[in-house]
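Visitor: give me a model of this one.
(one chain, ligands or ions: 2)
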Amino acid sequence: MNTAELSAKIRELARSRDAVILAHNYTHGEVQDVADFVGDSLALSIEAKNAKAPVIVFCGVRFMAETAKILSPQSTVLHPVPDSGCPMADMAEAGKVAAWRREHPDHAIVAYVNSTAATKAEVDVCCTSANAEKIVRRIPEGTPIMFLPDRNLGANVAAATGRKMELWPGFCPTHNRIEPRMVEEARSAHPGAPFICHPECLPAVTALADAALSTGGMLDYVRRSDAPEIIVGTENGILHRMRKEAPEKKFWPLSPLPNCPNMKKIELEDILRSLETMSPTVEMDASLMDRARAPIERMLEWSA
Ligand code: 13P
Ligand code: SF4
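Guide: Ligands and ions are numbered 1, 2, ... in the order given. I've put the predicted structure just below:
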């Protein structure tokens, strides 16, 4: 089957299963095109929470599918390739976070949503890259903060808010690889073009950016900007949507092109198989989901 045939079959099956397909901005272009909704982690969480459909097919990495299930426990959540994990999420292991919490009972623990459900169950509030500054500002001045797992996002938020935070030593292997030198090379190849990037990049990279934004924020920037050319410092999947939404503009990715292999594991064939077999589903213990839901709901309330 070619892409068009596969996509048509998926849409037909999604209709008959009463399923909604959600996809992250970094997934393959054809996966984004077959989805009902494409967005960043925050928008996808809100979409999952408000989903009326009995079935959600989640195209993204595992922590995102877990978040969808936690926020929509009554839905069957299908995650077509369950081993598409986020290495950064696995860098803050729940047992270690629980132990750290016992030793530092005075700290508020903020967990980036790029964390496992078990880790979320140990923290006070979650955040995404779209609302991290807002969430940190809501924590009373004087309360010490631990930010996990992303030391880069944490450092970028600390700089923006002026809050001193302890940082867990995690990072995104895809964004951490981006070096200031690559930005300088792109700037000299495309003089005058603004540079936008994700706040998972090193602080030395975000310091060179015109804006450091969530994937959804970067897409807003692209829609609003008058610049005819934009240098993009994030995972390559986002270029598909940028080119679709602003076909008159030129987008220059950094070299080498950043790639998240896990986001690219889900192919159209996997979505089709998942809808045909109604598996694999995301399953978690009800009490774990209840504990992990509290900091996610707090985030949604604080960022509303
Ligand atoms: P966004 O919430 O900005 O989409 O980021 C998710 C992510 O995993 C970036 O690497
Ligand atoms: Fe995780 Fe980085 Fe991939 Fe985002 S790009 S899912 S943070 S490994």
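
Visitor: pLDDT score assigned to residue 1?
Guide: For residue 1, the pLDDT comes out at 86.

Visitor: list the contacts for it?
Guide: For residue 1, the contact set (C-beta atoms under 8 Å, 6 or more residues apart in numbering) comprises residue 9. Yep, even glycine has a C-beta here, placed from its N, CA and C like the rest.

Visitor: ok, residue 155 to residue 147 distance?
Guide: 9 Å (C-beta to C-beta, to the nearest Å).

Visitor: touching both of these two, which residues are there?
Guide: Counting by C-beta under 8 Å, 6+ apart, the residues touching both residue 155 and residue 147 are residue 167.

Visitor: more neighbours: these two, which one.
Guide: residue 147 (26 against 18; other C-beta atoms under 10 Å).

Visitor: helix, strand or coil for the more buried one?
Guide: strand (DSSP: H, G, I helix; E, B strand; the rest coil).

Visitor: distance check, it against residue 134.
Guide: Residue 147 is 14 Å from residue 134, by C-beta to C-beta.

Visitor: could you do residue 56 as well?
Guide: Distance, residue 56 to residue 134, by C-beta to C-beta: 26 Å.

Visitor: these two: which is more packed in?
Guide: A count of neighbours by other C-beta under 10 Å puts residue 56 above the other of residue 56 and residue 134, at 25 against 15.

Visitor: mind listing what residue 274 touches?
Guide: 57, 78, 79, 80, 280.

Visitor: wait, isn't the fourth one in contact with residue 277?
Guide: No. Contact criterion C-beta atoms under 8 Å: residue 80 and residue 277 do not qualify, at 10.0 Å.

Visitor: which of the two has more neighbours?
Guide: A direct count of neighbours by other C-beta under 10 Å for residue 80 and residue 277 places residue 80 higher, at 24 against 9.

Visitor: relative to residue 271, how far out is the more buried one?
Guide: Residue 80 sits 5 Å away from residue 271, taking C-beta to C-beta as the criterion.

Visitor: common neighbours of those two, please.
Guide: Common neighbours of residue 80 and residue 271 (C-beta under 8 Å, 6+ apart) are 57, 59.

Visitor: pull up the gap between residue 8 and ligand 2, please.
Guide: For residue 8, the distance to ligand 2 equals 29 Å [C-beta to the nearest ligand atom, to the nearest Å].

Visitor: wait, residue 3
Guide: Residue 3 is 24 Å from ligand 2, by C-beta to the nearest ligand atom.

Visitor: so what's that residue up against?
Guide: 30, 268.

Visitor: just to revisit the earlier point, closest to ligand 1 among the contacts of residue 274?
Guide: In terms of C-beta to the nearest ligand atom, no member of these lies closer to ligand 1 than residue 79, at 15.2 Å.

Visitor: what about the spatially closest residue to the closest one that is not a sequence neighbour, neighbour count?
Guide: Once flanking residues are discounted, residue 79 sits nearest to residue 65: 3.9 Å by C-beta to C-beta, 6 or more residues apart in numbering. Residues within reach of residue 65, counting by other C-beta under 10 Å, total 27.
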